[in-house]
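*Asks:* sequence unavailable; structure follows:
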């Protein structure tokens, strides 16, 4: 049957029933026969030994004339060219990708949780406190973005940080509730993990403050501190409100701020090397009634950490005015800032209060801490008075008060004294 249908253009005979069981060669059988359209699927070609050029594809190159040439997305189904398989394929691919991402996320979560649970003590320390290496900038705390968030959450114009505690973590929609903590692999993250990444960097200063302060007090004090710095490098604070995972401390109560106090607090303070202490007022300051801030001042002095004091603008103005009263004013300031009683100081969490006080009792005692912190405060007051007198002398001689350059220490300034 060599070249039998070669170059033929018309096919009228029904050749599907031909008996080809004895045929040995079909060489060139359909060569050039582009119009061939007869069914030959029942031919027996078991004896054929030469089929060179015996098979050619149909003219549309698809094996059928139902799907037009070029319609590569078409699919032959029951003698019809269909397209509805395409969305099914797309849906299947999408479902596969979603499942793949889900499996990957679960594996990562399991790895983090497993790593945190079974790691060595040193590695556990890294998991638990790695966020302590990064924090948010002073600019973020002073920004309209954070101020708007605090106002919207609390419904108050000038909320305290205690107000924000309830609004941020004890509300129906806690901030960062569904995010996975990179340290223990569980839902619920520290605020530092939730805020914009651009506002996070390695810490430069430790902030000593209390949650009883209002946002307005803290922002005013930081603006005063910022003014004393001139055009210095950006400031990134270690601030427990942002750095600690409040889900574990406040919501779950599975840990406390005083956990591993000696190891964690002192190492962080030593690593950072600089402290900014915010006093709410010089008149019976809340700062000196809280066990945490008293303890922080004691440890900073013990470790010879550089401390900078700052106050809200209204408190600083009141302090300057009192200094102008002379001896009686100075005595009033000194008496107020000398009322340090660490034994009666309190904390929000009773466990923290007991832990910190026990540590003081077991080491140097309350009296030693009181004397130490009082000395720090009186030294600061002395520098304030010295700075004020120098300002008066400069004003009398027409010398403008200079701002420190970025390379200078902030000394002898009412809102920031280098001890």
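*Replies:* On my side now, so go ahead. Predicted model only: the values in this text are computed from it and were never measured.

*Asks:* what is the least confident helix or strand in the chain?
*Replies:* The helix or strand of the chain with the poorest confidence is helix 121-129; it has a mean of 40 (mean pLDDT, DSSP states H and E).

*Asks:* average model confidence for stretch 295-303?
*Replies:* The average pLDDT within stretch 295-303 is 89.

*Asks:* cool, and stretch 382-391?
*Replies:* 83.

*Asks:* and for stretch 99-108?
*Replies:* 74.

*Asks:* quick one, strands of the stretch 101-250 of the chain?
*Replies:* With DSSP state E, counting those that start in this stretch as the criterion, the stretch 101-250 of the chain has strands at 134-136, 200-202, 205-208, 237-238.

*Asks:* can you flag the weakest of those strands by average pLDDT?
*Replies:* Across these, the lowest-scoring stretch is strand 134-136, with a mean of 54.

*Asks:* quick revisit: and the strands of the stretch 101-250 of the chain as CSV, adding mean neighbour count and distance to residue 304?
*Replies:* Where you see a C-beta, it was placed from the backbone N, CA and C, and this is true even at glycine. Listed next are the strands of the stretch 101-250 of the chain as CSV, based on neighbours: other C-beta atoms under 10 Å; distance: least, C-beta to C-beta, whole Å:
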stretch, mean neighbour count, distance to residue 304
strand 134-136, 23, 23
strand 200-202, 15, 22
strand 205-208, 24, 14
strand 237-238, 24, 18
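
*Asks:* now these as JSON lines including distance to residue 153?
*Replies:* JSON lines is the format used below for those (distance: least, C-beta to C-beta, whole Å):
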{"stretch": "strand 134-136", "distance to residue 153": "16"}
{"stretch": "strand 200-202", "distance to residue 153": "20"}
{"stretch": "strand 205-208", "distance to residue 153": "21"}
{"stretch": "strand 237-238", "distance to residue 153": "21"}
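
*Asks:* tell me which of the ones you listed lies nearest to residue 266.
*Replies:* Across the strands of the stretch 101-250 of the chain, residue 266 has its closest neighbour in strand 205-208 (11.1 Å, C-beta to C-beta).

*Asks:* report all helices and strands that that closest one contacts.
*Replies:* Where contact means 3 or more C-beta pairs under 8 Å, 6 or more residues apart in numbering; DSSP states H and E, strand 205-208 is packed against strand 237-238, helix 261-272, strand 274-278, helix 291-302.

*Asks:* which residue is the nearest non-sequential neighbour of residue 43?
*Replies:* Among residues not flanking residue 43 along the chain, residue 20 sits closest, at 4.7 Å (C-beta to C-beta, 6 or more residues apart in numbering).

*Asks:* how close does that neighbour sit to residue 42?
*Replies:* Per C-beta to C-beta, to the nearest Å, residue 20 is found 9 Å from residue 42.

*Asks:* now residue 187
*Replies:* In this view, residue 187 and residue 42 are 67 Å apart by C-beta to C-beta.

*Asks:* tell me which of the two has more neighbours.
*Replies:* residue 187 (13 against 10; other C-beta atoms under 10 Å).
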